[in-house]
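Peer 1: Sequence and predicted structure, then a few things I'm wondering about:
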Amino acid sequence: MLFTTDEEITQFGGKLLKLTHESLVTKTSMNVNVFFPPSTTSSSVPVLVYLSGLTCTPNNATEKSFWQYFASKYGFAVVFPDTSPRGANIEGENESYDFGTGAGFYVDATQEPWSHNYNMYSYVHGELQEKLAQQFNQLNFNNVSITGHSMGGYGALSGFFKNPGKYKSVSAFAPISNPSTCAWGEKCFGRYLGEDKSLWSSYDPTELIKSYTDCNQPDILIHQGAKDPFYWRDHQLQPENFVKAAEELGYKGKVLLNIVDGYDHSYFFISSFVEDHAKHHIKYLGLE
Ligand SMILES: N[C@@H](CCC(=O)N[C@@H](CS)C(=O)NCC(=O)O)C(=O)O
């Protein structure tokens with residue numbers, strides 16, 4: 001048994017499992033929540049991976065995003081991974097909310113001492129999906145899409161471009177769209193990846209979209225709250241840079257950026273647009 005079930009909860013006629021497993025990639029115990037829609041007698045359930053933002057555990061989105069209602073309605077599973085290893089016992093990992101614990105930034109760290117555990121890129125796009133497919137063979141990871149919020153929105157876009165053809169579609173809520181040029185990204189890339197800016201670019205959606213030539217080019221749906229201070233005040237998110245890069249260099253699908261008045265950065269914002277994102281993904285997952 002790869003995963004231990006800590007809790008099994010019935011919701012919207014489906015099952016929410018709170019799981020724990022030992023990761024070879026992070027060398028720590030990892031938590032992950034998975035929602036299975038009703039009548040999972042089907043041997044092939046499409047999957048949506050939701051990557052969370054800074055400070056989150058798998059529970060934030062599970063409790064506040066409302067994904068499960070739409071997963072149940074349309075018939076897809078949702079995987080909610082954690083945002084970093086926990087308890088790696090590295091000096092400095094708990095010093096701030098935007099680095100270390102809760103802030104793995106979905107990269108494979110190359111720098112000491114982080115490189116032993118902080119490998120969230122390989123964990124999220126590789127090990128976690130492979131192991132879930134082994135234990136829960138009704139989950140079809142050949143029919144998988146990805147989304148996320150803030151750091152997780154960046155993680156979703158980055159993972160989509162770095163794995164051509166793997167994800168049927170991608171969307172994001174308030175993504176950190178150009179991490180190489182904002183404070184959150186500079187801090188995490190600098191400490192996890194070091195000074196080599198080409199390595200930063202290899203994770204940065206605004207750079208990756210410029211050289212993305214794969215024929216799998218679904219529309220990319222993005223929502224951004226106009227009242228989100230990380231957007232208008234701190235310039236951490238910069239979705240316009242991503243849209244500009246897409247237009248300049250010919251991503252053949254469209255980037256559908258919706259700046260929505262009145263909304264902030266919170267799960268009140270996310271949950272308000274989860275239905276739009278669910279409808280976006282079901283088109284590509286063959287559930288429409
Ligand atoms: N002021 C926040 C900054 C971090 C933040 O806003 N995190 C977002 C993602 S970037 C989040 O989802 N927080 C958890 C929640 O709202 O449940 C904190 O210190 O927790």
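Peer 2: Yep, that arrived.
Peer 1: Let me know the average pLDDT across stretch 267-286.
Peer 2: Stretch 267-286 carries an average pLDDT of 98.
Peer 1: List the contacts of it.
Peer 2: In this structure, residues lying in contact with stretch 267-286 by Cβ atoms under 8 Å, 6 or more residues apart in numbering are 46, 48, 60-61, 64-67, 70-71, 73-74, 76, 143, 145, 147, 149, 168-169, 171, 173-174, 218-219, 221, 223, 225, 228, 258, 260, 263, 288. No exception for glycine: its C-beta is placed from N, CA and C like everyone else's.
Peer 1: quick one: the strands in the stretch 51-200 of the chain?
Peer 2: Along the stretch 51-200 of the chain, the segments classed as strands by DSSP state E, counting those that start in this stretch run 77-81, 139-148, 167-173.
Peer 1: And the first one, what does it pack against?
Peer 2: If I follow you right, that is strand 77-81. Counting contacts by 3 or more Cβ pairs under 8 Å, 6 or more residues apart in numbering; DSSP states H and E, strand 77-81 is packed against strand 29-36, strand 45-51, helix 58-64, helix 67-74, helix 128-135.
Peer 1: how does it look with 6 Å?
Peer 2: strand 29-36, strand 45-51, helix 58-64 (3 or more Cβ pairs under 6 Å, 6 or more residues apart in numbering; DSSP states H and E).
Peer 1: Could you tell me which residues of the chain lie near the ligand?
Peer 2: G53, L54, T55, C56, N60, Y97, H149, S150, M151, H265, S266, Y267 (Cβ under 6 Å from any ligand atom).
Peer 1: List the contacts of stretch 58-68.
Peer 2: Residues external to stretch 58-68 that are found in contact with it (Cβ atoms under 6 Å, 6 or more residues apart in numbering): 11-12, 31-33, 35, 50, 52, 78, 80, 82, 267, 270-271, 274.
Peer 1: for E248, helix, strand, or coil?
Peer 2: helix (DSSP: H, G, I helix; E, B strand; the rest coil).
Peer 1: What number of residues are in the vicinity of it?
Peer 2: 10 (other Cβ atoms under 10 Å).
Peer 1: How about it, nearest residue that isn't a chain neighbour?
Peer 2: K210 (7.6 Å; Cβ to Cβ, 6 or more residues apart in numbering).
Peer 1: S122 against D108, yeah?
Peer 2: Yes - contact between S122 and D108 holds when scored by Cβ atoms under 6 Å: they sit 5.4 Å apart.
Peer 1: the more surrounded of these two?
Peer 2: Just comparing S122 and D108: by other Cβ under 10 Å the higher neighbour count belongs to D108, 19 against 16.
Peer 1: How many neighbouring residues does T10 have?
Peer 2: T10: 9 neighbours (other Cβ under 10 Å).
Peer 1: got it, and E130?
Peer 2: With other Cβ under 10 Å as criterion, E130 counts 11.
Peer 1: what's the nearest residue to it if we skip its chain neighbours?
Peer 2: That would be F141: by Cβ to Cβ, 6+ apart, it lies 7.8 Å from E130.
Peer 1: State the distance from that neighbour to the ligand.
Peer 2: 25 Å (Cβ to the nearest ligand atom, to the nearest Å).
Peer 1: Count the residues that sit near that residue.
Peer 2: 17.
Peer 1: Could you report the separation of F99 from the ligand?
Peer 2: Taken as Cβ to the nearest ligand atom, the span from F99 to the ligand is 12 Å.
Peer 1: Would you agree Y263 is in contact with G225?
Peer 2: Yes - with contact defined as Cβ under 6 Å, Y263 reaches G225; the gap is 3.2 Å.
Peer 1: So which of the two has more stuff around it?
Peer 2: G225 (26 against 22).
Peer 1: Before I go, just wanted to say thanks for your time.
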